[in-house]
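*Asks:* model this:
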Amino acid sequence: MASTFAVLYTYTDDTALRDDTRPVHREYLRSLADQGALLVAGAWAPAEAPGGLLVFRAEDKAAVQVFVDDDPFTTAGVVARAEIREWAPPLGPLADALNGG
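*Replies:* As a prediction, the model looks like this:
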């Protein structure tokens, strides 16, 4: 059964590299969303440290690691750190859907 995983990206300070890589990164994420693996993704607001949040449904953390490893932001060196955490939110209007209910 699939679980929900939150991925926290911390970006490098190389904004030119980030801007140059963004189109292929978004194309990659769209393909994961089309497959049903990526639920939502986005960068932190401009006032926050550079990075973003991605939420996946996958069989296990190893599958999510492959998504992260294959992300053009990772392969190009935009991502300085990626933290993957299994997430099981108990409350809120999306909780049941995120928990496979």
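
*Asks:* First-to-last residue distance for stretch 6-26?
*Replies:* 17 Å (CA to CA, to the nearest Å).

*Asks:* tell me which residues of it are tucked away?
*Replies:* Neighbour counts using 16 or more other CB atoms under 10 Å place A6, V7, Y9, Y11, T12, R18, T21, H25 of stretch 6-26 among the buried residues. The C-beta positions use only the backbone N, C-alpha and C, and glycine is treated the same way.

*Asks:* Need the mean per-residue confidence for the host helix or strand of the third one.
*Replies:* So that's Y9. According to DSSP states H and E, Y9 maps onto strand 3-11. For strand 3-11, the mean per-residue pLDDT is 97.

*Asks:* Contacts for that strand, please.
*Replies:* Residues outside strand 3-11 that contact it (CB atoms under 8 Å, 6 or more residues apart in numbering) are 18, 39, 49-61, 64, 67-68, 73, 78-89, 98-100.

*Asks:* by contact count, what packs against the next helix or strand after it?
*Replies:* Downstream of strand 3-11, the first helix or strand assigned by DSSP H and E is helix 15-34. Under the contact criterion of 3 or more CB pairs under 8 Å, 6 or more residues apart in numbering; DSSP states H and E, helix 15-34 touches strand 38-43, helix 72-76.

*Asks:* In terms of secondary structure, what does the very next helix or strand once past the first one contact?
*Replies:* Proceeding N to C from strand 38-43, the next assigned helix or strand is strand 51-58, under DSSP H and E. Using 3+ CB pairs under 8 Å, 6+ apart as the contact criterion, the elements in contact with strand 51-58 are strand 3-11, strand 38-43, helix 61-70.
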